[in-house]
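Trainee: Compute the structure for the input listed below.
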Amino acid sequence: MKRLAGIILLLFAVAIAFAQTDSALYLRFPQVPPFTLYKAPDSTKFTKDDLSAKKKTLLIIFSPDCEHCQHETRALTDSIRFFKKTQIVMATYMPYTEMMKFYTDYNIAACPGITMGWDKSFFLPPFYKINSLPYIALYDKKGKLITTFEGTHSIQRILAAFDR
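Mentor: Residues are numbered from 1 along each chain as shown. The predicted structure is shown next:
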């Protein structure tokens, strides 16, 4: 009987240990992730190494057909002047053709601070354990995570989070 109780206790301890490692990767590795995107409009590769080490990073994961993402993008492009010291990366896992339509519809080319790219390998959603879109991750100049947001948030709230 003692042996059975010991085995049950051991199994319980192993289950707890595995449950503790179930956190999202971005919490265990709070740096800008090693992503690879294919940029609009020319599908050239864009990786973490292409980011400037002198600017904060605003990473937005979106879907072109998401109304909240469309609203957030409109607010962002209308307020782009407040992000002069921030590099903005917008990533989608949806097909490249849908991303390009979004890129054109929202005139992203007119916002030189925004890089939009296709996450062909679907790397970012599981890295952040995304539940809803848009997903926003803020990083300081050193590439360290400041905070994340899910869903639509005001530009003022995003700017305030950078200033913490």
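
Trainee: Could you name the helices and strands sitting against the helix or strand hosting residue 158?
Mentor: Using DSSP states H and E, the secondary-structure element containing residue 158 is helix 155-162. Helix 155-162 is packed against strand 56-61, strand 135-139, strand 145-150, with contacts defined by 3 or more Cβ pairs under 8 Å, 6 or more residues apart in numbering; DSSP states H and E. To be clear about C-beta, it is placed using only N, CA and C from the backbone, and glycine gets the same treatment.

Trainee: ok now do residue 88, which residues does it touch?
Mentor: Residue 88 sits next to 57, 58, 60, 76, 111, 113, 114, 115 when contact means Cβ atoms under 8 Å, 6 or more residues apart in numbering.

Trainee: The fourth one reaches residue 155, doesn't it?
Mentor: Yes - the pair residue 76 and residue 155 qualifies as a contact (Cβ atoms under 8 Å) at a distance of 6.8 Å.

Trainee: Counting neighbours, go ahead and name the busier of those two.
Mentor: residue 76 (24 against 15; other Cβ atoms under 10 Å).

Trainee: contact partners of the strand or helix carrying the more buried one?
Mentor: Using DSSP H and E, residue 76 sits in helix 67-78. With contact meaning Cβ under 8 Å, 6+ apart, helix 67-78 is reached by 60, 62-63, 83, 88, 90, 102, 106-108, 110-111, 114, 132-134, 136, 151-155.
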